[in-house]
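Novice: Mind folding the following:
(one chain, ligands or ions: 2)
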Amino acid sequence: MKIGFIGVGGMAQAIIGGLLKAKTFAPSDIIVHSHRLESYGPYAKAHGLQTAASNADVAAASDLVVLAVTPNVASDVLQEIEAQLVDGQKTLISIVAGLSLANMANVVGENVPILRTLPNVNVEVGAGMTAVAANAHLTGDDLAAALRVFNTIGSTTTLAEDQFGVFSALAGSSPAYIDFFIDSLSRAGVKYGLSKDQATKIAAQATLGSAKMVLESDKIPFALIDQVASPGGSTVAGLLAMEEAGLMTAVVKGIDATIKRDAGGPA
Ligand SMILES: NC(=O)C1=CN([C@@H]2O[C@H](COP(=O)(O)OP(=O)(O)OC[C@H]3O[C@@H](n4cnc5c(N)ncnc54)[C@H](O)[C@@H]3O)[C@@H](O)[C@H]2O)C=CC1
Ligand SMILES: O=C(O)[C@@H]1CCC=N1
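Specialist: Numbers count the residues shown, from 1 in each chain. Ligands and ions are numbered 1, 2, ... in the order given. Next comes the predicted model:
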């Protein structure tokens, strides 16, 4: 089975990196094309991937065709590959935020099996979180093959398309927000004399462990907060100071802005 990527930017490289680490595909079964050979050529060579001369050539050579371009060019690119997809023999996988199954079918035809996905950058280390929605033509072994791509590089969840906006904020964009939090913790460590490198490792490991506790213990986050905050202790003093500075409101406002922009609002 061959998988082709149209667009070889940050997200496509995160997916390819995860797939290579998980050995889901051999490098020679991954085909790439983007619009600037000088940027994707050296990347493909370094990882032993095949390159194609055009978007249409990627689609012609692949069983799974991953659309990984920015939303503003997605429709034009789909028009370029429509002839390769129209007979319904290949599966189109989109990672484009805000692009619906109906939008895609309007361009490539109603018979094409399509998986709409919204992965996050953590797929690169096999710890991704990907939302998926399949159209009616993607079933059986073809659906299993498309889902396997994302199941080998993290978790997947099937989602109604009208929930992709909130998912995109909570999982697609949130690695940036969580990294912002880790960097803020780390900076506070630097304020008190730790080196940036050591403070970042400490903050990142604490974040990783806390996420594991939420996923693996049967406790909700608030119960875990109470477990850490000793009566009369330092943690409750910190929590109250963070809340006075508006941490929860800041996070919710950030998610509001993310969802608004994903829905086509102003930047
Ligand atoms: N960065 C992230 O964490 C996530 C991104 N996404 C989606 O992934 C898609 C790509 O995002 P990024 O990788 O962040 O952007 P990027 O700007 O890093 O990559 C876009 C790629 O598309 C290529 N491209 C542009 N026009 C093209 C054309 N006409 N034909 C072929 N290739 C073309 C560019 O050369 C580049 O390789 C977007 O639609 C975004 O919504 C989805 C989930 C998470
Ligand atoms: O920033 C963006 O538009 C994309 C969508 C989710 C993550 N990155």
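Novice: Now do the residue nearest the centre of the chain against residue 175, distance only.
Specialist: By C-alpha atoms, centre = their mean, the chain has its centre lying nearest to residue 120, at 1.7 Å. As judged by C-beta to C-beta, to the nearest Å, residue 120 and residue 175 stand 6 Å apart. (Each C-beta comes from the backbone N, C-alpha and C, glycine too.)
Novice: Surely residue 48 is in contact with residue 28?
Specialist: Yes. Between residue 48 and residue 28 there is a contact under C-beta atoms under 8 Å: 6.5 Å.
Novice: For residue 19, what is the enclosing helix or strand?
Specialist: Here residue 19, judged by DSSP states H and E, is contained in helix 10-22.
Novice: quick one: strands adjacent to the next helix or strand after that helix?
Specialist: Remark: after helix 10-22, the chain's next helix or strand is strand 30-33, criterion DSSP H and E. Here strand 30-33 has these sheet partners by DSSP bridges: strand 3-6 (parallel), strand 50-51 (parallel).
Novice: interface residues of the stretch 101-250 of the chain facing ligand 2?
Specialist: 168, 172, 173 (C-beta under 6 Å from any ligand atom).
Novice: Strands along the stretch 101-250 of the chain, start to end?
Specialist: 114-118, 128-134, 154-158 (DSSP state E, counting those that start in this stretch).
Novice: Tell me the bridge partners for residue 156.
Specialist: Here residue 156, judged by DSSP bridges, has bridge partners residue 130.
Novice: same deal with residue 4?
Specialist: residue 31, residue 65.
Novice: Just list the residues touching it, thanks.
Specialist: Shown in contact with residue 4 (C-beta atoms under 8 Å, 6 or more residues apart in numbering): 30, 31, 32, 33, 52, 58, 59, 61, 62, 64, 65, 66.
Novice: Angles on the backbone of residue 94, please.
Specialist: phi -110, psi 140 (degrees, to the nearest 10).
Novice: Which pLDDT value belongs to whichever residue of the chain sits closest to ligand 1?
Specialist: With C-beta to the nearest ligand atom, the shortest gap between the chain and ligand 1 falls at residue 9, namely 1.8 Å. On pLDDT, residue 9 comes in at 97.
Novice: Poorly predicted segments of the chain, please.
Specialist: Nowhere does the chain drop to pLDDT under 70.
Novice: what's the spacing between the residue in it that ligand 2 sits nearest to and residue 100?
Specialist: Here the residue of the chain nearest ligand 2 is residue 172; by C-beta to the nearest ligand atom that distance is 3.1 Å. Distance of residue 172 to residue 100, given as C-beta to C-beta: 16 Å.
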